[in-house]
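Asker: below: sequence and its predicted model.
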Amino acid sequence: MTRSFHSGSILLVSLFLIFCGINFLHADSGVAPSHPAPHPVMAVTDGEHSGDHLKAVGPGEAPHLLSADPARFQQVSDIAKNASEVPPPASHRSPKKVRFHLEAQEVVAPLAEKTPYIFWTFNRTVPGPLLRARVGDTVELTLKNHPTSTHDHSIDLHAVTGPGGGAQMMRVKPGKTKTITFKAIHPGVFVYHCATPNVPTHITNGLYGLIVIDPAEGWRAVDREFYVMQGEVYTEGEVGQQGFQPFSPRKMMDERPEYIVLNGRVKALTGARALQAKQGETIRIFFGNGGVSRISSFHIIGEIFDRVHPEAALNHVLTSVQTTLVPAGGATVVELTLENSGDYILLDHAISRIDRGAYGILHVQGTPVPDLLSPR
């Protein structure tokens, strides 16, 4: 009885003081702070590794400063995922057991011209491979963590129904391997990503990709399919600054990416790596957004999406769409017929991001059609 009265009294007094404007945590000095203080840093040991962590109020481990020596990692000439590497549809067959193998590896590769960066990858590309199954399949997924990795890595698949998207069962130490199985019960296009704390650090450094679960009835016929993902990179140096760039956890906490890119790096989908198609063809693009903080406004300059599955909802179709929103950790499916020839720019139409790398090229081979566009 006394304990209950004591607790109630404290609550009443506290509410009264708050009502009167008294701040328990910080006495009012009468002088307003001119600028917010920078993020404080604290030392934390989590049982796996220790280092300087930014102060945070989220669950689990906060972002931490990385001090890895680039010389210890394998040098890779290009981590950019080829947009044409799309497995064939699986809808033509009955459900079965399918197997996928991924390896998490930390590598050094160019982010931009003369700008190496330590990428964390699935199978040494960003994004990781496009995985593909059909609704009703049983998926067996094996994840290996390369022995040179500085962190545990894992995988959370948004196509999984179960705690953590499978990540709780798939936290893998360097040099080790784990396997899970799951049932694909929802058709659609889903993001997968590493979910080892600090989760956004693992994602933004490159550990993300898409898994397509084909519907039982199949897709509309198209001539080509492509795989494109947008991602953010937070470097210590400013965009365009050359020389090795370490990761900046502070900028990530502040949601201030220096680079916003398609398929891993600047100019990944240009030149010989541009999307290639022919005039008159119909194409489908599986487009995902790894995030970790920005919404993408996906647009192709000079084209209109004939059909869009917003947020990759296969039972919902929009037609004649100019720009479609793709949230961080989400995806979309767009289809378009290529009536004219030429080069078409893919971009995030939050268009200042084109200067941070968020663009690519769709090259359409053919003959210009004057009735569609011509000078006077």
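Answerer: The structure has been received and is ready for your questions. Numbers count the residues shown, from 1 in each chain.

Asker: contacts only, for I180.
Answerer: I180 makes contacts with 140-141, 166, 169-170, as judged by CB atoms under 8 Å, 6 or more residues apart in numbering. Bear in mind the C-beta positions are built from the backbone N, C-alpha and C, glycine included.

Asker: list the buried residues of the strand or helix carrying it.
Answerer: Using DSSP states H and E, I180 sits in strand 177-183. The neighbour-count check on strand 177-183 (16 or more other CB atoms under 10 Å) flags 178, 180, 182 as buried.

Asker: closest one to E113 out of the residues you listed, please.
Answerer: Nearest to E113 among the buried residues of strand 177-183, counting by CB to CB, is K178 at 37.8 Å.

Asker: so which helix or strand of this structure has the lowest pLDDT on average?
Answerer: strand 41-45 (a mean of 38; mean pLDDT, DSSP states H and E).

Asker: tell me the domain ranges of the chain?
Answerer: Per automatic domain parsing, the structural domains of the chain span 70-214, 224-233+257-365.

Asker: that older thread, what pairs with the next helix or strand after the strand holding I180, parallel or antiparallel?
Answerer: The element immediately downstream of strand 177-183 (helix or strand, assigned by DSSP H and E) is strand 188-193. Take DSSP bridges as the rule and strand 188-193 pairs in its sheet with strand 156-157 (antiparallel), strand 208-214 (antiparallel).

Asker: who's in contact with strand 188-193?
Answerer: Identification of contacts with strand 188-193 by CB under 8 Å, 6+ apart yields 128, 131, 155-159, 165, 199, 202-203, 207-213, 286, 288-290, 309, 312-314, 329-333.

Asker: next helix or strand past it?
Answerer: Counting by DSSP H and E, the next helix or strand C-terminal to strand 188-193 is helix 199-204.

Asker: which helices and strands does that next one pack with?
Answerer: strand 188-193, strand 224-233, helix 249-253, strand 282-291 (3 or more CB pairs under 8 Å, 6 or more residues apart in numbering; DSSP states H and E).

Asker: export the longest strand seen in the chain as CSV, just CAs?
Answerer: Criterion DSSP state E: the longest strand present in the chain is strand 97-112. Output in CSV follows, covering the C-alpha atoms of strand 97-112 (Å, rounded to 0.1, in the frame of the first residue of the first chain):
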residue,chain,number,x,y,z
LYS,A,97,12.6,-27.0,-54.1
VAL,A,98,15.1,-24.4,-55.4
ARG,A,99,18.6,-23.7,-54.0
PHE,A,100,20.5,-20.4,-53.9
HIS,A,101,24.1,-19.8,-52.7
LEU,A,102,25.3,-16.4,-51.7
GLU,A,103,28.7,-15.3,-50.3
ALA,A,104,29.2,-12.1,-48.3
GLN,A,105,32.5,-10.6,-49.1
GLU,A,106,34.1,-7.2,-48.3
VAL,A,107,36.1,-5.9,-51.3
VAL,A,108,37.8,-2.7,-52.6
ALA,A,109,36.5,-1.4,-55.9
PRO,A,110,35.9,1.9,-57.7
LEU,A,111,32.9,3.9,-56.5
ALA,A,112,33.7,6.7,-59.0
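
Asker: and it, which strands flank it?
Answerer: Neighbouring strands of strand 97-112 in its sheet, by DSSP bridges, are strand 74-75 (parallel), strand 115-122 (antiparallel), strand 138-145 (parallel).

Asker: what's in contact with the last one?
Answerer: When you say that, I think you mean strand 138-145. 95-104, 133, 152-155, 157, 166, 170, 172-184.

Asker: if you count contacts, what does the strand or helix carrying T332 end up packed against?
Answerer: Using DSSP H and E, T332 maps to strand 330-337. Strand 330-337 sits against strand 188-193, strand 282-291, strand 296-300, strand 305-309, strand 323-326, with contacts defined as 3+ CB pairs under 8 Å, 6+ apart.

Asker: burial count for T125?
Answerer: Per other CB atoms under 10 Å, the neighbour tally for T125 reads 22.
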